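J.: I'd like to go over a predicted model; first the sequence, then the structure.
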Amino acid sequence: MSKRFCFLLFLALSIGGALDGARADDNWPQFRGPTGQGVSDSTGLPTTWAEGRNVKWKIPIHGRSWSSPVIWGDQVWLTTASEDGRELFALCFDKLSGKVLLDRKLFDDPAPNPIFKRFNTYASPTPVIEEGRIYITFGSAGTVCLDTTTFKPLWERRDIHINHFRGAGSSLLKYENLLILDFDGSDAQFVIALDKNTGANAWKTPRSIDYGDTDPDGKVKADGDFRKAFSTCRPATVNGQPAVI
């Protein structure tokens, strides 16, 4: 699915509620919405779209990306990347008019992992947004926090490295004062939590599973391809305690 189609569809859904019914979900802050489950409490939304029907505005997006837009207040944010993955961008739009408020290159990545373009892009992880801040990751290529009023970077991390093998795909999870990221590469697999205010490591837990993918001589099969994943963390309560799944 193209970035352009995703963006058009999402804005039609979000803005359509303002035209045709009552919106409960004024903000769409992360991958799959407020609860991370793809569920909305909005009512009266349109279910069909066409040129001139249930579309308030549309705008072409440069580059290629599979990340989802996130919305807070009157701002819509998304990420994109150049076709070769060497340039990574953030874009911000006015929700009501479609006016471009920001189109900024965040990172240069001189040596991106090769990807199969049928199955991934260089800007697939979805950001997380809250009042005053947006958190954006491109996996090993970089993670950054931007002020959503001044658009200035508040912190960034470019030292969390794995071999994504076919590109990054895991989106961010915000839980209280933590940003939680799933890094599943061919060479290393771990979950890491960052302090959302500073970007500093809060904790890091490596995978503890036997993948059963080694030859008798101990060599990892398929260059570690069986260890690669794209899952996004979700919060849960396990035995009465907060947990990350």
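T.: That came through, no problem.

J.: can you pull out the low-pLDDT segments for the chain?
T.: Residues of the chain meeting the criterion pLDDT under 70: 1-25.

J.: list the contacts of the spatially most central residue of it.
T.: Residue closest to the average C-alpha location in the chain (CA atoms, centre = their mean): residue 126, at 1.3 Å. By CB atoms under 8 Å, 6 or more residues apart in numbering, the contact set of residue 126 is 30, 31, 67, 68, 70, 171, 172, 232. For glycine as for every other residue, the C-beta is placed from the backbone atoms N, C-alpha and C.

J.: any chance of those residues in CSV, with distance to residue 204, neighbour count and secondary structure too?
T.: Below are the contacts of residue 126 laid out as CSV (distance: CB to CB, whole Å; neighbours: other CB atoms under 10 Å; DSSP: H, G, I helix; E, B strand; the rest coil):
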residue, distance to residue 204, neighbour count, secondary structure
30, 21, 22, coil
31, 21, 20, coil
67, 24, 24, coil
68, 26, 21, coil
70, 25, 27, strand
171, 18, 24, coil
172, 15, 25, coil
232, 17, 18, coil
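
J.: report the buried residues of the helix or strand containing residue 179.
T.: If you go by DSSP states H and E, residue 179 is part of strand 178-184. Across strand 178-184, burial judged by 16 or more other CB atoms under 10 Å covers 178, 179, 180, 181, 182, 183, 184.

J.: which strands and helices sit next to it?
T.: strand 173-175, strand 189-195 (3 or more CB pairs under 8 Å, 6 or more residues apart in numbering; DSSP states H and E).

J.: switch to 6 Å and redo it
T.: Contacting strand 178-184 under the criterion 3 or more CB pairs under 6 Å, 6 or more residues apart in numbering; DSSP states H and E are the following elements: strand 189-195.

J.: can you show me the CA trace of the next helix or strand after the strand it packs on as CSV?
T.: Counting by DSSP H and E, the next helix or strand C-terminal to strand 189-195 is strand 201-206. This file holds the C-alpha atoms of strand 201-206, laid out as CSV (Å, rounded to 0.1, in the frame of the first residue of the first chain):
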residue,chain,number,x,y,z
ASN,A,201,18.6,4.0,28.5
ALA,A,202,16.2,3.0,31.3
TRP,A,203,16.6,-0.7,30.8
LYS,A,204,17.5,-3.2,28.1
THR,A,205,16.5,-6.9,28.0
PRO,A,206,18.0,-9.3,25.4
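
J.: partner strands of strand 201-206, parallel or antiparallel?
T.: Strand pairing for strand 201-206, determined by DSSP bridges: strand 189-195 (antiparallel).

J.: what's the angle between the strand it pairs with and strand 178-184?
T.: 160 degrees (axes from the mean of the first three to the mean of the last three CA atoms, to 10 degrees).

J.: okay, buried residues for strand 189-195 please.
T.: 189, 191, 192, 193, 194.

J.: who touches that strand?
T.: 178-183, 202-207, 227 (CB atoms under 6 Å, 6 or more residues apart in numbering).

J.: so which pair among the contacts of residue 126 is furthest apart in space?
T.: Spatial extent of the contacts of residue 126 (CB to CB) is set by the pair 70 and 232 at 13.4 Å.

J.: assign residue 226 to helix, strand or coil.
T.: helix (DSSP: H, G, I helix; E, B strand; the rest coil).

J.: show me where the chain has its helices.
T.: 3-20 (DSSP state H).

J.: quick one, strands of this protein?
T.: 70-72, 75-81, 87-94, 100-108, 128-130, 133-137, 143-147, 153-157, 173-175, 178-184, 189-195, 201-206, 235-238, 241-244 (DSSP state E).

J.: right, and those - which one's nearest residue 216?
T.: strand 189-195 (22.5 Å).

J.: one step back: in a markdown table, list the strands of the chain along with distance to residue 45.
T.: Formatted as a markdown table, the strands of the chain follow (distance: least, CB to CB, whole Å):
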| stretch | distance to residue 45 |
| --- | --- |
| strand 70-72 | 14 |
| strand 75-81 | 17 |
| strand 87-94 | 20 |
| strand 100-108 | 25 |
| strand 128-130 | 21 |
| strand 133-137 | 25 |
| strand 143-147 | 29 |
| strand 153-157 | 34 |
| strand 173-175 | 25 |
| strand 178-184 | 30 |
| strand 189-195 | 34 |
| strand 201-206 | 38 |
| strand 235-238 | 26 |
| strand 241-244 | 31 |
